[in-house]
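In: Provide a 3D model corresponding to the input given below.
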Amino acid sequence: MGDGNNRLTSIHGLQREAVAAARRIARNQGTDLLVHDRTGRITQWETMIDPTPET
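Out: Next comes the predicted model:
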(Lines give C-alpha, C1' and ligand atoms only; values in the text may rest on other atoms or scores of the structure.)
Protein backbone atom coordinates (compact mmCIF):
# COMPACT_ATOMS: atom_id res chain seq x y z
CA MET A 1 0.00 0.00 0.00
CA GLY A 2 1.15 3.50 -0.65
CA ASP A 3 1.65 5.82 2.27
CA GLY A 4 -1.76 6.91 3.56
CA ASN A 5 -3.68 4.53 1.29
CA ASN A 6 -6.19 1.93 2.41
CA ARG A 7 -5.97 -0.10 -0.79
CA LEU A 8 -3.17 -2.00 -2.50
CA THR A 9 -1.53 -0.10 -5.33
CA SER A 10 -0.65 -3.24 -7.31
CA ILE A 11 -0.02 -6.97 -6.91
CA HIS A 12 2.98 -8.80 -8.42
CA GLY A 13 4.13 -12.40 -8.60
CA LEU A 14 7.82 -11.63 -8.13
CA GLN A 15 9.60 -9.18 -5.87
CA ARG A 16 11.62 -7.77 -8.77
CA GLU A 17 8.37 -6.89 -10.57
CA ALA A 18 7.00 -5.21 -7.44
CA VAL A 19 10.23 -3.25 -6.95
CA ALA A 20 10.22 -2.10 -10.58
CA ALA A 21 6.62 -0.88 -10.24
CA ALA A 22 7.38 0.81 -6.91
CA ARG A 23 10.46 2.47 -8.42
CA ARG A 24 8.32 3.99 -11.21
CA ILE A 25 5.79 5.28 -8.67
CA ALA A 26 8.49 6.68 -6.36
CA ARG A 27 10.24 8.40 -9.26
CA ASN A 28 6.93 9.89 -10.45
CA GLN A 29 6.03 11.15 -6.96
CA GLY A 30 9.56 12.21 -5.98
CA THR A 31 9.64 10.03 -2.87
CA ASP A 32 11.94 7.44 -1.33
CA LEU A 33 11.69 3.76 -2.26
CA LEU A 34 12.06 1.31 0.61
CA VAL A 35 12.15 -2.44 -0.04
CA HIS A 36 11.40 -4.76 2.88
CA ASP A 37 12.08 -8.47 3.31
CA ARG A 38 9.50 -10.90 4.70
CA THR A 39 10.41 -9.96 8.27
CA GLY A 40 9.86 -6.25 7.61
CA ARG A 41 13.56 -5.34 7.65
CA ILE A 42 14.54 -2.69 5.08
CA THR A 43 16.85 -4.30 2.50
CA GLN A 44 17.02 -1.50 -0.04
CA TRP A 45 16.53 2.27 0.16
CA GLU A 46 16.62 4.57 -2.84
CA THR A 47 16.01 8.31 -2.84
CA MET A 48 14.03 9.49 -5.86
CA ILE A 49 13.95 13.14 -4.80
CA ASP A 50 15.58 15.44 -7.35
CA PRO A 51 18.47 17.16 -5.52
CA THR A 52 18.53 20.09 -7.95
CA PRO A 53 16.34 23.00 -6.81
CA GLU A 54 13.76 24.39 -9.20
CA THR A 55 14.52 27.86 -10.51
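In: Give me the below-cutoff pLDDT ranges for this protein.
Out: 1-5, 51, 53-55 (pLDDT under 70).
In: and the gap between residue 6 and residue 18?
Out: 19 Å (Cβ to Cβ, to the nearest Å). The way it works is simple: take the backbone N, C-alpha and C, and place the C-beta from them, glycine included.
In: ok, the two, which is more surrounded?
Out: The neighbour comparison of residue 6 against residue 18 (other Cβ atoms under 10 Å) goes to residue 18, with 15 against 6.
In: helix/strand/coil for the more buried one?
Out: helix (DSSP: H, G, I helix; E, B strand; the rest coil).
In: Can you tell me the closest non-neighbouring residue to it?
Out: residue 12 (4.0 Å; Cβ to Cβ, 6 or more residues apart in numbering).
In: Helix or strand: which one has that neighbour?
Out: Under the criterion DSSP states H and E, no helix or strand holds residue 12.
In: Is it in contact with residue 22, as I believe?
Out: No: here residue 12 does not reach residue 22: they are 9.2 Å apart, not a contact under Cβ atoms under 8 Å.
In: Who has more neighbours out of the two?
Out: residue 22 (20 against 12).
In: helix/strand/coil for the more buried one?
Out: Here residue 22 is helix, with the state taken from three-state DSSP.
In: show me the contacts for it.
Out: Contacts for residue 22 were tallied using Cβ atoms under 8 Å, 6 or more residues apart in numbering; they are 33, 35.
In: Go again with 6 Å.
Out: Contacts for residue 22 were tallied using Cβ atoms under 6 Å, 6 or more residues apart in numbering; they are residue 33.
In: ok, it to residue 31 distance?
Out: 10 Å.
In: Residue 16 too?
Out: Residue 16 is 20 Å from residue 31, by Cβ to Cβ.
In: Which one of those two is surrounded by more residues?
Out: Of the pair residue 16 and residue 31, residue 31 is the one with more neighbours under other Cβ under 10 Å, namely 16 against 9.
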